[in-house]
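**Q** just a sequence and a predicted model for now, questions to come.
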Amino acid sequence: MESPRNKSEAALADRSHRANQGTTAISTKNLKKKPTSGSERKLSQLSCAKYGGPSDAAASEMVYWEDIEIDAKFISPFKRKDTTQYLTFEPDLAGFNNVRMGVETVVALAHAMGKTLIVPPDRTIWAIDSAENEQKNAFSFDEILHLDSIKIEHPGLNIISMEEFLSEVAIKEAKFKKPGETQVLYPPNNKTKWDGEELSPLWEYLRTIGLVKEWNPDECVALFPSSRDEKDLKQVEQMFNDIIGEANGRPKPKVSNYDGKPLPVDSPAEERLREILGGREKACPYDKEMQDTALLHFKEDWTRDIRFLTHFYGLLFFHDWKQDLWTKRFIRDHVHFNDEIVCAAARVVEAIRKRAKERHPETNPNGDFDTLHVRRNDWATQFPAYSVSSDALFEVTESELIPGRTVFIATDERDKEYFRPLTNVYDVVYLDNFVDELGELNTNFYVFVDQLVAARGRVFFGVYLSTFTGYINRLRGYYSVKEKRHGYHDGIIESYHYAQLEDKNMYRKYHAFSIPPWSREYPIAWRDLDYGIEALYNSYSGEAKIKL
């Protein structure tokens, strides 16, 4: 009989194989929430006792999110007090990192629009759908990301399940009709539980009862005025048109204009808009029709590139810079992997640091280690130019890695002989070296541990065009600000790409957002996010000013 450990190692190998397919900030020291009592989760802390460790001290290095009390008080100027409006969406059909990008986007949109977000039914997601040992293999986003904390902490955003929406709103309230008709439309066969089911009939129903929007993030920028006043909408639309129309003889911006030149985060609206255009020339304004509709539905259509395969921070433009920064903090602080996943990663990181320190106690007292994400199998056919030989991988990483030091590799490559040039020089480890540390974690979640561990490396090498690599770099950006690493003021992180030499140093210099957005992450996602918190509070709260 195969041992439990061997089963776990086999599962881990399979999971990795399939899934790897500025300005001065205002301190938030005095704005953090006071610790809560009892068993209530402390949002800015991480306690792993119930998950098998590690200690709170060891776990703390995994925490990049903040718990800013006054951020929780902010409510979008578009949220109505007299009625509840809803937002539904069709998730991406690809792997989880693509799905996550869409979830971040709709969470940001729902808050910005003041609408209740409806979470789609549980479903299988490509490459995290193993049912081995009868483990769960269809998930809601709540089970992977900490969306529950938003419901607890933020009065400005309500999140409910699709089942609750269908049963309580669509059926009990008889809320929806086909546009222009009087007959109430109910869900197909009055069905409210769609977990694990074919969702096409549900999507068709939502497309019928809701205002359907088909936004292509590669073509347009979502414009959010600073208030519901129509004059504000006209102002931001005119600003966009002036830029595209090269008003007053000022040329349209080029992405290269901002190379190594980040704008202050509180720059005038026109300058901030110019910086994130990335070559796009269409606007998707949050207009009166969208503001007034009871149900807004975002459709997905792969055949026409209608999908939220984008970063929320490059799609949403806020006329008010304070709301822009708030939204970026909102995603940073609340849309992250759940505690069980982060604690498993903390145990692995602790074990790697111990190993690295024991190997070189005099020269490496902190147990620093380096990390790589090497994507191989599907990459050879999807992007052959970015699938490199083992010798090429060694040569491009050699100048940044330290001989003899520990290197953690997240990879879908099953044949570890491929890494021989690296193992001859470095102490190479993989996630399957740490099966004991993974404990009882669902094997579908191993890939998320891979990302979190890779994000803690001193130096990181990944592959351009991979959203798996991209999210690792976003996490590294968050950590760099928290730990005030060299270059953090300009959004620079010590990350590299190993394929195509011209792409190697992308993260070693500031670059503005550009198209296609999914190809990498951008410093505007993490740079100087905590600036202006007091200004936001004083602008929107109507309460007495807070002394910092």
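**A** Great, that's in hand. Numbering: from 1, shown residues only.

**Q** which helix of this structure spans the most residues?
**A** Counting residues, the longest helix found in the chain (DSSP state H) is helix 339-359.

**Q** send the alpha carbons of that one over as CSV?
**A** Output of helix 339-359 as CSV, limited to C-alpha atoms (Å, rounded to 0.1, in the frame of the first residue of the first chain):
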residue,chain,number,x,y,z
ASP,A,339,-5.3,31.7,6.7
GLU,A,340,-4.9,27.9,6.2
ILE,A,341,-3.0,28.4,3.0
VAL,A,342,-0.9,31.2,4.3
CYS,A,343,0.0,29.2,7.5
ALA,A,344,1.1,26.2,5.4
ALA,A,345,3.3,28.6,3.4
ALA,A,346,4.7,30.0,6.7
ARG,A,347,5.6,26.6,7.9
VAL,A,348,7.5,25.9,4.6
VAL,A,349,9.3,29.2,4.7
GLU,A,350,10.3,28.6,8.3
ALA,A,351,11.7,25.2,7.3
ILE,A,352,13.6,26.6,4.4
ARG,A,353,15.1,29.4,6.5
LYS,A,354,16.2,26.9,9.1
ARG,A,355,17.8,24.8,6.4
ALA,A,356,19.6,27.8,4.8
LYS,A,357,20.8,29.1,8.1
GLU,A,358,22.2,25.7,9.2
ARG,A,359,24.1,25.4,6.0
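
**Q** after it, which helix or strand is next?
**A** Toward the C-terminus, helix 339-359 is succeeded by strand 370-374 as the next helix or strand (DSSP states H and E).

**Q** that following strand vs helix 339-359, what angle?
**A** For strand 370-374 against helix 339-359, the angle by axes from the mean of the first three to the mean of the last three Cα atoms, to 10 degrees is 120 degrees.

**Q** that older thread, and the longest helix of the chain, how far out from the chain middle?
**A** Computed by Cα atoms, centre = their mean, to the nearest Å, the separation of helix 339-359 from the middle of its chain amounts to 23 Å.

**Q** go on, stretch 475-495?
**A** 17 Å.

**Q** before we move on, what about stretch 348-365?
**A** With Cα atoms, centre = their mean, you get 30 Å for stretch 348-365.

**Q** with stretch 240-257 instead?
**A** Counting by Cα atoms, centre = their mean, stretch 240-257 is centred 30 Å from the centre of its parent chain.

**Q** what lies in contact with it?
**A** 221, 223, 270, 273-275, 277-279, 281, 283, 511-514 (Cβ atoms under 8 Å, 6 or more residues apart in numbering). Every residue, glycine included, has its C-beta placed from N, CA and C.

**Q** could you rerun that using 6 Å?
**A** 274, 277, 278, 281, 283, 512, 514 (Cβ atoms under 6 Å, 6 or more residues apart in numbering).

**Q** now the buried members of these.
**A** The neighbour count (16 or more other Cβ atoms under 10 Å) marks 274, 277, 278, 283, 512, 514 as buried among the contacts of stretch 240-257.

**Q** low-confidence ranges in the stretch 301-450 of the chain?
**A** Counting by pLDDT under 70, the stretch 301-450 of the chain shows no low-confidence range.

**Q** ok, now with 90
**A** Residue ranges of the stretch 301-450 of the chain with pLDDT under 90: 302-305, 377-380.

**Q** show me where it has its strands.
**A** Secondary structure of the stretch 301-450 of the chain, counting by DSSP state E, counting those that start in this stretch: strands at 316-318, 370-374, 406-411, 427-430.

**Q** still on that earlier bit, please flag which of the contacts of stretch 240-257 sit within strands.
**A** residue 283 (DSSP state E).

**Q** from the contacts of stretch 240-257, which single one is nearest residue 210?
**A** Here the nearest of these to residue 210, counting by Cβ to Cβ, is residue 283; it sits at 21.7 Å.

**Q** what's around the residue nearest to the closest one when sequence neighbours are not counted, how many residues?
**A** Spatially, and ignoring its direct neighbours in sequence, residue 283 is nearest to residue 240 (4.7 Å; Cβ to Cβ, 6 or more residues apart in numbering). Residues lying near residue 240 (other Cβ atoms under 10 Å) number 23.

**Q** what's the distance between residue 240 and residue 352?
**A** Per Cβ to Cβ, to the nearest Å, residue 240 is found 48 Å from residue 352.

**Q** can you lay out the strands of the stretch 301-450 of the chain as CSV showing mean neighbour count and distance to residue 397?
**A** CSV is the format used below for those (neighbours: other Cβ atoms under 10 Å; distance: least, Cβ to Cβ, whole Å):
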stretch, mean neighbour count, distance to residue 397
strand 316-318, 23, 36
strand 370-374, 25, 7
strand 406-411, 25, 9
strand 427-430, 18, 11
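
**Q** what's the closest of those strands to residue 395?
**A** Of the strands of the stretch 301-450 of the chain, nearest to residue 395 by Cβ to Cβ is strand 370-374, at 13.6 Å.

**Q** ok and the closest one relative to strand 406-411, angle-wise?
**A** 20 degrees.

**Q** residue 507 belongs to a helix, doesn't it?
**A** Yes: applying DSSP: H, G, I helix; E, B strand; the rest coil, one finds residue 507 inside a helix.

**Q** apart from its neighbours in sequence, what residue is nearest it?
**A** residue 495 (4.1 Å).

**Q** circling back to that earlier point, Three-state assignment for the residue nearest to residue 283, please.
**A** helix.

**Q** tell me the pLDDT at it?
**A** On pLDDT, residue 240 comes in at 98.

**Q** any idea how far residue 112 is from it?
**A** Where residue 112 is concerned, residue 240 sits at a distance of 17 Å (Cβ to Cβ).

**Q** where does the stretch 151-300 of the chain have low pLDDT?
**A** Using pLDDT under 90, the stretch 151-300 of the chain drops low at 151-155, 178-182.

**Q** that one: strands as residue ranges?
**A** 159-161, 211-213, 220-224, 282-285, 295-298.

**Q** turn those into a markdown table, including distance to residue 253.
**A** Converted to a markdown table, these look like this (distance: least, Cβ to Cβ, whole Å):
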| stretch | distance to residue 253 |
| --- | --- |
| strand 159-161 | 36 |
| strand 211-213 | 26 |
| strand 220-224 | 12 |
| strand 282-285 | 15 |
| strand 295-298 | 28 |
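
**Q** so which of the ones you listed is nearest residue 196?
**A** Nearest of the strands of the stretch 151-300 of the chain to residue 196, taken as Cβ to Cβ: strand 159-161 at 13.9 Å.

**Q** partners of that closest one, with directions?
**A** Paired neighbours of strand 159-161 in the sheet (DSSP bridges): strand 116-119 (parallel).

**Q** centre of the chain to the partner strand, how far?
**A** 18 Å.

**Q** what's in contact with that strand?
**A** Contacts for strand 116-119 (Cβ under 6 Å, 6+ apart): 84, 86, 87, 88, 110, 140, 141, 158, 159, 161, 162, 165.

**Q** tell me what the nearest residue to residue 373 once chain neighbours are set aside is bridged to.
**A** The shortest distance from residue 373 to any non-neighbouring residue, by Cβ to Cβ, 6+ apart, is to residue 462 (4.3 Å). On the basis of DSSP bridges, residue 462 is bridged to residue 497.

**Q** so residue 282 touches residue 222, yeah?
**A** No: using Cβ atoms under 6 Å, residue 282 makes no contact with residue 222, being 10.5 Å away.

**Q** neighbour count winner among these two?
**A** Higher neighbour count among residue 282 and residue 222: residue 222, with 24 against 12, using other Cβ under 10 Å.
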